[in-house]
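Enquirer: Need the 3D shape of this:
(one chain, ligands or ions: 2)
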Amino acid sequence: ETVVNRIAAGEVVQRPANALKELLENCLDAKSTQISVIVKQGGLKILQIQDNGTGIRRSDLGIVCERFTTSKLREFNDLKQISTYGFRGEALASISHVAHLTILTKTKDDQCAWKCTYLDGKPKAPPKPCAGNQGTQITVEDLFYNISIRRKALRSPAEEHARIAEVVSRYAVHNATVGFSLKKQGENSVDLRTPPNSTPEENIRIVFGSAIANELLPISFSDERLQVKCSGLVTNANYSCKRCVMLLFINHRLVDSVGIRKGIEGVYAAYLPKQTHPFIYLSLEIAPQNVDVNVHPTKHEVCFLHEEAIIEAVSKAVDEKLLGANQ
Ligand code: ADP
Ligand code: MG
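Expert: Ligands and ions are numbered 1, 2, ... in the order given. Got it, this is the predicted structure:
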């Protein structure tokens, strides 16, 4: 049974950046305003996320790593009402099957923090009282220590670190009111830091540089028939990246959509010389009942209703912006 769970967990968590994404979304669900990430060896040795959110109740610590039992689903009568990031209740469970996972957490009502280490979904021992601030610190150690095949499939720690930085920076742009930091363990300098109460534009400047930030055009529209709201920032047609950089959030979850990417790139093709590409940051809010939330966590590709029409609407909005800025 453990082996089956381990294989299943290895499917959910394919690399450190996947695990980090789930953990970041939990921090955001918990209303954190500051999130700090520390990694060692691209997250394979250590991946640690500290937040200042609500914390986890002592009484929940026994079950948080059990599959599905803690899913936020239980708070909803209807799958269609899901509004928070987490809905599967399997991130912590999966991670605990493929790594050593430790939770240190304190709610505002707790007198002290509680620390608990998990293996295969279960606490190794009852939680221990200890010192700590309000919020939650999750430490993932020796990821994939028990599935060598997964470990071997990964690239170098440097490559995994780059993917982690990519995930942190994208969430930082989209959640600009939250402060983010990323650093390597044992090093004083941070790899990335965004201040709290910032704006997406300012964080794009910090993360991607002022050359891009100076060329941004705002995109914003809503379409009642398609039940979609769109906002974002895209580079003007005179600016170009070596490759298309797209930060796409659908209902605040970082995803990919080849359709949207191609649609927008198609618009720029009329303006930009070949081999040059736009920078795109887009946030789409789609009526929850129109988005397929049942996709596998590793599938970054999303499925949603009216996909063609939404791609067209987004492309049109970008085209109008570029046209307006370049006549
Ligand atoms: P899900 O987010 O789908 O419910 P997870 O396995 O990601 O499942 O998390 C399990 C539960 O643990 C969450 O529902 C939440 O109650 C709690 N939790 C996890 N991370 C945090 C955090 N950083 N702050 C507060 N609660 C957390
Ligand atoms: Mg979650």
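Enquirer: Residue ranges in this structure under the pLDDT threshold?
Expert: Counting by pLDDT under 70, the ranges of the chain that qualify are 1-2, 11, 68-89, 275, 293-301.
Enquirer: As a check, name the ranges of all helices in it.
Expert: Here the chain has its helices, by DSSP state H, at 2-12, 16-29, 91-98, 148-153, 157-174, 200-208, 210-213, 258-269, 307-325.
Enquirer: what comes up buried for the shortest one?
Expert: By 16 or more other C-beta atoms under 10 Å, the buried positions in helix 210-213 come out as 212-213. C-beta here means a position set from N, CA and C on the backbone, and glycine is covered the same way.
Enquirer: What lies in contact with it?
Expert: 201-202, 204-205, 235, 239, 241, 279 (C-beta atoms under 8 Å, 6 or more residues apart in numbering).
Enquirer: Farthest pair within those residues?
Expert: Spanning the widest gap among the contacts of helix 210-213 are E202 and C241, at 19.3 Å by C-beta to C-beta.
Enquirer: ok now do N326, which residues does it touch?
Expert: Contacts of N326 by C-beta under 8 Å, 6+ apart are 236-238, 271.
Enquirer: oh sorry, the question was meant for N251
Expert: 83, 284-286, 288, 291.
Enquirer: Flag every residue of the stretch 101-250 of the chain that's near ligand 2.
Expert: Applying C-beta under 5 Å from the ion, we find that the stretch 101-250 of the chain lies next to ligand 2 at no residue.
Enquirer: and the stretch 101-250 of the chain, which residues reach ligand 1?
Expert: T136 (C-beta under 6 Å from any ligand atom).
Enquirer: Which single residue in the stretch 101-250 of the chain comes nearest to ligand 1?
Expert: T136 (3.8 Å; C-beta to the nearest ligand atom).
Enquirer: returning to what we had before: which pair in the contacts of N251 has the greatest spatial separation?
Expert: Top of the distance list for these (C-beta to C-beta): S83 and L284, 14.6 Å.
Enquirer: okay, these two: which has more neighbours?
Expert: L284 (23 against 10; other C-beta atoms under 10 Å).
Enquirer: Hmm, that one is touching Q227, no?
Expert: No: under the criterion of C-beta atoms under 8 Å, L284 is not in contact with Q227, lying 10.8 Å apart.
Enquirer: Excluding residues flanking it in the chain, which one is nearest A237?
Expert: Closest residue in space to A237, ignoring its immediate chain neighbours: Y271 at 3.5 Å, by C-beta to C-beta, 6 or more residues apart in numbering.
Enquirer: What are the neighbouring residues in contact with that neighbour?
Expert: Counting by C-beta under 8 Å, 6+ apart, Y271 touches 237, 322, 326.
Enquirer: wait, doesn't the second one sit right on Y268?
Expert: Yes: counting by C-beta under 8 Å, Y268 is a contact partner of L322 at 7.4 Å.
Enquirer: Overlap of the contact sets of these two?
Expert: By C-beta under 8 Å, 6+ apart, the residues touching both L322 and Y268 are A237.
Enquirer: thinking again about what came up before, which of the contacts of helix 210-213 sits closest to K21?
Expert: I204 (19.4 Å).
Enquirer: Save the contacts of N251 as a markdown table, and put in distance to S59 too.
Expert: Shown next, in a markdown table, are those (distance: C-beta to C-beta, whole Å):
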| residue | distance to S59 |
| --- | --- |
| S83 | 25 |
| L284 | 37 |
| E285 | 34 |
| I286 | 36 |
| P288 | 30 |
| V291 | 33 |
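Enquirer: Now, those residues that are in strands?
Expert: 284-286 (DSSP state E).
Enquirer: Save those as a markdown table, and put in distance to ligand 2 too.
Expert: As requested, the ones in strands among the contacts of N251 are exported to a markdown table (distance: C-beta to the ion, whole Å):
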| residue | distance to ligand 2 |
| --- | --- |
| L284 | 21 |
| E285 | 20 |
| I286 | 20 |
